[in-house]
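**Student:** Starting from these lines, generate the structure:
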Amino acid sequence: MKRLFLLALIVASITLSACHKDNDTQQSNDKRLNQTITVAYSDNGGYYTEGMVFSTNYRWDDSVLISDSQTLHYNGDTITYGTIIAIRRDGKIVEVFNTDPNAMNYHCTYTYDDNGKIEKEIVTYDNNIYTTTTYTWSNGNVIKTHTEYDLQDTEHNYDTYFSYDNKENPFKGSLIPTVRSISRNNLLERVQLTDYDTTRIIYNYSYKGDYPIIEYSQTFTSNTYNPIIPSKSYFVYMDGTSASIPQICNITATANRSTEAGYYARGGGQYEYGATVILQAFERDFIRWDDGNTDNPRTVIARGDATYTAIYTDN
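**Tutor:** All right, here's what the predicted structure looks like:
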């Protein structure tokens, strides 16, 4: 579940972006995000096979970025986004709620300084204060956050540091506040220092003029006991749809008796070109794969779209 949560966070950091209708803060839609592609890597026994690809497509609706499966609604200063409700006052988001009945009662409040910049964020779950984060700004960017939280009645805190390029951030002016959506430039590095470990996210970009068209990031942690699943994420912008991104291969694993209960092959999915893919067939009565290979499980390299069929006896 931890690995699923990490991948969800990668996407969530983008999907919680909704843009002001103020023309002074809008950027041209063709500069903004169009798709995310996450290539996940896991050790043996992990949730994902090395190189498996997860992708999400986005579209623009009234200058608001939403995934293909979501809608956004305005009701005065109340904005509903999936299970998220955001409250706006004086043009600024001051509260965000999660209305998902299957999730904890999440509530986030923001306070602003005299210059209209976020100075504090307080997150509660089930009405108990979970984290309090203060923001430090420089040259229009958030360069540091300090977070305090309680864990098992013990107070903890950690600092996160941010560095940036000198290019235009396509998400500047987004409605829902996140570090990447309220800062002037694009993140180059995010370093979180806790009592237990250091987590770093490194960002690289391909640019077209002053805007990024492809964003490539990797996450690293020093915690060997609770490691983050290694992954690579590509954020593809409208202008970057023809730029160089990983070739995605569709690998299909099937069985010649797949219509009968108990006969199957697994390991198929979308993979990055060159990824190692492990295929496994239901063992009873298994003879070979349709290309003659008798290994089970077997390892193949994703070099393009391919189908592998497990052959079973007729008995």
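**Student:** Name whatever forms a beta bridge with the closest residue in space to F54 that isn't next to it in sequence.
**Tutor:** Distances taken as Cβ to Cβ, 6 or more residues apart in numbering place T38 nearest to F54, at 4.6 Å, with adjacent residues excluded. Just so you know, the C-beta spots here come from the backbone N, C-alpha and C atoms, and that holds for glycine as well. Beta-bridge pairing for T38 (DSSP bridges): F54, S233.
**Student:** do the same with L72
**Tutor:** Y81.
**Student:** can you pull out the helices in this structure?
**Tutor:** 2-15, 179-182 (DSSP state H).
**Student:** Going by mean pLDDT, which of those comes out lowest?
**Tutor:** Comparing mean pLDDT across those, the weakest is helix 2-15, with a mean of 39.
**Student:** Tell me if I'm right that E121 and C108 touch.
**Tutor:** Yes. With contact defined as Cβ atoms under 8 Å, E121 reaches C108; the gap is 6.4 Å.
**Student:** More neighbours: which of those two?
**Tutor:** For E121 versus C108, neighbours defined as other Cβ atoms under 10 Å are more numerous around C108 (21 against 18).
**Student:** excluding its backbone neighbours, what's nearest R298?
**Tutor:** L279 (5.2 Å).
**Student:** burial of the one you found, as a residue count?
**Tutor:** So L279, with other Cβ under 10 Å, has 22 neighbours.
**Student:** Might one say that it is in contact with Y271?
**Tutor:** No. When contacts are counted by Cβ under 8 Å, L279 is not listed as touching Y271 (11.4 Å).
**Student:** where in the stretch 101-250 of the chain is pLDDT low?
**Tutor:** Low-confidence segments of the stretch 101-250 of the chain (pLDDT under 70): 127, 173, 226-227, 229, 241-243.
**Student:** how much space between I248 and E121?
**Tutor:** 36 Å (Cβ to Cβ, to the nearest Å).
**Student:** Same question for N57.
**Tutor:** 29 Å.
**Student:** Repeat that for P101.
**Tutor:** 24 Å.
**Student:** same deal with M104?
**Tutor:** Using Cβ to Cβ, which is the criterion applied here, M104 is 17 Å from E121.
**Student:** Also N185?
**Tutor:** Taking Cβ to Cβ, one finds N185 at 21 Å from E121.
**Student:** Domains in the protein, by residue range?
**Tutor:** 2-240, 248-312 (automatic domain parsing).
**Student:** The last one spans what distance, first to last residue?
**Tutor:** Spelled out, it's domain 248-312. 30 Å (Cα to Cα, to the nearest Å).
**Student:** Check stretch 257-268 too.
**Tutor:** Note: stretch 257-268 ends 17 Å apart using Cα to Cα.
**Student:** So which bits of it are buried?
**Tutor:** R257, Y263, A265, R266, G267, G268 (16 or more other Cβ atoms under 10 Å).
**Student:** For it, give me every contacting residue.
**Tutor:** 49, 251-255, 277-282, 284-285, 297, 308-310, 312 (Cβ atoms under 8 Å, 6 or more residues apart in numbering).
**Student:** If we use 6 Å, what do you get?
**Tutor:** Where contact means Cβ atoms under 6 Å, 6 or more residues apart in numbering, the residues beyond stretch 257-268 that reach it are I251, T252, A253, T254, A255, I278, L279, Q280, A281, F282, A310, Y312.
**Student:** gap between the two ends of stretch 175-191?
**Tutor:** 25 Å.
**Student:** no no, stretch 262-275
**Tutor:** 28 Å.
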